[in-house]
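> one predicted model, sequence on top.
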Amino acid sequence: MKNKYLSIRSADGLYWIGRYLQRFEIIAKESIKTFDVVIDIDKEAGKHFFTKLTKDINYNSAVEFFYKTVYEVKESNLCYLIDQARENATMLRDILDEDAFMFINVIYTNLKERDRKSISPKEIEKLIRKLDSFWGRIFLKTQHGIVQMLIEFGQTVEGIDMKLRLFENDENINDNINLKFDIQKLNTIGIAINPEFTPVRLENLTVSEALQKISSCVNEIIRYES
Amino acid sequence: MTEKNPQLEQFFQIFNKLDKNRIADLKEFTNNFGINFNLFKDGSFIERSFPFDVIPRIIPKDEFKVLERGLQQRVKALNIFLNDIYSDQKIIKDKIIPAEFVFSSKAYRPEFHGVKTSRSIRTHISGIDLVKNSANNRWTILEDNLRVPSGASYPLSIRQAYRKVYPEIFEQMNVEKIRYYPQKLAEMMNYVSTGGINVVLTPGRYNSAFYEHAYLAKQTDAILAVGSDLEVRDDKLYLKSFDGKREKVGAMYRRLDDDFLDPLEFKPDSMIGVAGLSNVYRSGNIALINSIGNGIADDKGIYYFVPKMIKYYLNEEPIIDNAPTYLPYFENDMKYVLENIEKLVIKDVAEAGGYGVLFGYKMSAVQLSDLKEVIKREPRRFIAQELIEFYDVECFMNGEIVPRKSDLRCYVAYGEEIYVWTNGLTRYALEAGNYLVNSSQGGGFKDTWIVE
Amino acid sequence: MRVKLNYRFDLEFSNEVKDHRFALKITPRKTPFYRVEEFVISLQNNIYINNIIDGFGNVITFGTINNYHKSFSVEISAKIDFFSEYLDFQDDFLNEMYLSATNLTTSNIYINEYLNFKNELKIYNNIEKNVLLANEYIFQNFKYESGVTDAYSSIDTILQSKRGVCQDFAHLLIAYLRDLKIPARYVSGFVTGEGESHAWVEYFNGKIWLGVDPTHNRIIKNEPYIKIAQGRDALDTAINKGSFVGKSKQQLKVFTKMEIYN
């Protein structure tokens, strides 16, 4: 993939693959942790979690909670997220590594084509391993280029977005070290893609201001048409 | 009747000793990697993997060498024909082909008369369909496809998996390598390019052969683009790059039919083409693969004249035969067709994908007499062919080996030289006795091995 | 005879549009019976344009307007010197090309109406006579009226309604002549006395192409007909084809002035 030119559509697709898969990973991992809590420690934990993501969920058991996380929560269920990622990956088959595509496809067929009566965290853990393989293919040290950078940019944006949403009430943007690290990474990738990229700074912003800023910084990387 | 040859025997000797479970590995490969040929059935989009059969079609190398020479000859003549039709039209002036046949074809584009294509190549990629006649053991041309022939990516993909799953066979048999096809395509694109990047233009991810569009773009290092990724500025074509720049396109492998290419020239409601592309083409600033207006040469009516083209342009006898064909347009042929219609295959010149093929022996007396009336009214619209008994191939279905009707599509890349790919798409009908093997009708495919 | 032509069209959009690509056929063709002494084409905003010739020898003027705009105007002015009788020579390709039926010159629904029309005309062994008869018949039996047909109407519409505009008169005459195996082609351009562009027919008499105008019941000889584009039917000669981005309705205003000044 030497000297590859990327269309706006392709660049946008790569960015969103990064975002959808990162969201998938975070929600999958958080849900597995929350599942354990919902069993008999805090039955409302699942509701609290999704409220932070501005989504509603109702359940009568931990099993039902988990099932809905995978299949039913509006626009944040795992099945939906992998579907979106796969759609993008399909459109980008000419650019994506074949094995990378295959891992997304396998996760997708696993969720879509199984008998949807119940699903256990163990099965989702298996799929997270496949996702690890996907990231591994993308970030191979031998293959640094614009394709990887765009996916990583999207992945980082979503990581920051999710962290901001999942803040506890007393948390402060300025104090969160993980966030600082992510923002530094975002700016590094941004400048690598476009030397004119304006570094993102989130100090002293409210959470909603920060979310705004994060979701719009892609416009400095991809010249979308007006 | 299936064909026997020593190479196929050799294959079975090795194959039968190997674990039958390996077939499941191949299936998993096509599923995991989404090797799809999608269908539209009753208006809905069905994504599905292209059914694949594990037993390859095997052609002895010396037999293929003859096919190779014959295909090179045929494509060379067809290319000259297209250049002639869109310039001096000598073949019509010399009365080899009746003027009416060319001019009444819907695929003929007089508005592009006089356009010179880069390196005078118009048939950059041809898909020639053949069957092997069991009556005389000779390969016969069924049809030429010079517009947007598809299918090469499937055997290319499956061979990779095959070698991983059945390495023993490749160690013991001398199978011709097929990996050079994408390279030949890339070389061809560079050879005809008018300067700039190479692009594969796709209608989009819901097209049946989208897998192939993406696959070939990747393998030839071309950019996969949809119409809205491109724009015409002045008299050149550009890719809209994500960083705001515009990259000039020098060669474009377009996987759309002429009708959808340019709303300013063809169908005005086409959303998948590029407005203004035709004038870039007229100006000589883009190499379109394949060129505009090729449909006149793969028009089923023109098929009848291809052997005459070979004699007229190359002064040679055709190496590979056409199927015996009759044109009701000619009086003697009309007489023969009307008298023998139950024995013949009648093809509507306009239809593509196999829908317009009628088998005389399957039709009732009423249907036959209706058909005769239509033929008498519109003789130019039909051709009639003898029903060829072509060899079946053996397929491994439901645990047993069964015969199925199949054809072979060979791919020819015309660049600095005319390259015939040492593979092909062998398509087979899923149901027994079904003569229609087209992918769009739901058939399957096999790998094709050229073996010494 | 010297003639001056001024023509302008204004396309108004109800909403702003952008990425507007256009292809115009608006340049007078070279002919053996007039000389183009002067020709100027001007577009709004000095858009950069390119010219190329299509297979029929028509000049295509094409370009792009990227920015948002609400109107598109093109103006031409020409000075033409007519020095002999109307005729034209063969195209680059064979005349048989103009024997083929096209969608617009075929009746699919009102086949009986077409056959009735055809049966009204006696066929002679003389091309000129057959042309004259058909020309006259169409003029007398079909009424010139706009609003009944549109740019994509086939002869079905005029056959059924008995009304149409110059485009339909021309298509009908072409369909008939081709039936008689007389190569016939569609010509668009300008002639005095019209408020907009005009369409007529050329037929091949075995040696040269001659002009005939069914809308005016005229065998064209010395009248000032300026040829802009020719082809198999109206679709090959459309003055303006365009595509743009934006949801908008369009309104077209046309201004024509053609006068003899010498």
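Looks like it came in fine. Residues are numbered from 1 along each chain as shown, chains lettered A, B, ... in the order given.
> so, low pLDDT: which residues of the chain?
As the question left the chain open, I've gone with chain A. A:1-4, A:141-144, A:169-170, A:226 (pLDDT under 70).
> switch to chain C, please.
Applying pLDDT under 70 to chain C flags residues C:45-46.
> also chain B?
B:41, B:350-355, B:437-441.
> where do the helices sit along the stretch 301-450 of chain B?
Using DSSP state H, counting those that start in this stretch, the helices of the stretch 301-450 of chain B run over B:306-314, B:331-340, B:365-377.
> so is the last one next to chain C?
No - shown here: helix B:365-377 not in contact with chain C (C-beta under 8 Å from any C-beta of the partner chain), separated by at least 11.7 Å. The way it works is simple: take the backbone N, C-alpha and C, and place the C-beta from them, glycine included.
> what does that helix contact?
Residues outside helix B:365-377 that contact it (C-beta atoms under 8 Å, 6 or more residues apart in numbering or on different chains) are B:328, B:334, B:337-338, B:341-342, B:346, B:358, B:360, B:363, B:381-382.
> contacts only, for the closest residue to chain C within the stretch 351-452 of chain B.
Using C-beta to the nearest C-beta, the single residue of the stretch 351-452 of chain B nearest to chain C is B:R380, 10.0 Å away. Listed by C-beta under 8 Å, 6+ apart, the contact set of B:R380 reads B:100-101, B:104, B:301, B:329, B:349.
> buried stuff in stretch B:372-384?
B:372, B:375, B:379-384 (16 or more other C-beta atoms under 10 Å in any protein chain shown).
> pick the one among these closest to B:K177.
B:I383 (37.7 Å; C-beta to C-beta).
> got the CA coordinates for stretch B:234-245 in CSV?
Extracted in CSV, the C-alpha atoms of stretch B:234-245 (Å, rounded to 0.1, in the frame of the first residue of the first chain):
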residue,chain,number,x,y,z
ASP,B,234,-11.7,21.3,-16.8
ASP,B,235,-11.2,18.3,-19.1
LYS,B,236,-9.6,15.9,-16.6
LEU,B,237,-10.7,13.5,-13.9
TYR,B,238,-9.6,13.8,-10.3
LEU,B,239,-9.9,11.9,-7.1
LYS,B,240,-11.0,14.0,-4.1
SER,B,241,-8.3,13.3,-1.6
PHE,B,242,-9.2,13.5,2.2
ASP,B,243,-6.6,16.2,2.7
GLY,B,244,-8.3,18.6,0.2
LYS,B,245,-5.9,17.9,-2.7
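> pretty sure B:I158 contacts B:D447?
Yes - counting by C-beta atoms under 8 Å, B:I158 does reach B:D447; the two are 5.4 Å apart.
> ok, these two, which is more surrounded?
It is B:D447, of B:I158 and B:D447, that has more neighbours when counted by other C-beta atoms under 10 Å in any protein chain shown, with 25 against 22.
> returning to that earlier point: any of the contacts of helix B:365-377 buried? List them.
Buried among those (16+ other C-beta under 10 Å): B:328, B:334, B:337, B:341, B:346, B:358, B:360, B:363, B:381-382.
> taking these, tell me the two that lie furthest apart.
Based on C-beta to C-beta, the longest span within the buried ones among the contacts of helix B:365-377 runs between B:M334 and B:M363 and measures 18.4 Å.
> where do the helices sit along chain A?
A:8-40, A:45-52, A:62-71, A:78-91, A:98-112, A:121-138, A:146-165, A:177-193, A:207-216 (DSSP state H).
> wait, which of those helices is closest to B:H213?
Closest to B:H213 of the helices of chain A is helix A:78-91 (C-beta to C-beta; 10.5 Å).
> what's in contact with that closest one?
Applying C-beta under 8 Å, 6+ apart, the external contacts of helix A:78-91 come out as A:9-10, A:13-14, A:16-17, A:20-21, A:23-24, A:27-28, A:69-71, A:96, A:100-101, A:104-105, A:107-108, A:111-112, A:124, B:34, B:205, B:210, B:214.
> again, only this time at 7 Å
A:13, A:16-17, A:20-21, A:23-24, A:27-28, A:69-71, A:96, A:101, A:104-105, A:107-108, A:111-112, B:205 (C-beta atoms under 7 Å, 6 or more residues apart in numbering or on different chains).
> out of the residues you listed, which are buried?
For these, a burial check counting by 16+ other C-beta under 10 Å picks out A:13, A:16-17, A:20-21, A:23-24, A:27-28, A:69-70, A:96, A:101, A:104-105, A:107-108, A:111, B:205.
> quick one, helices of the stretch 51-200 of chain C?
Using DSSP H, counting those that start in this stretch, helices in the stretch 51-200 of chain C cover C:111-119, C:127-141, C:155-161, C:166-179.
> determine which stretch of those helices is the most buried.
Scoring the helices of the stretch 51-200 of chain C by mean neighbour count under mean count of other C-beta atoms under 10 Å in any protein chain shown gives helix C:166-179 as the most buried, with a mean of 25.
> that older thread, which of the buried residues of stretch B:372-384 lies closest to A:I222?
Nearest to A:I222 among the buried residues of stretch B:372-384, with distances taken as C-beta to C-beta, is B:R381, at 50.9 Å.
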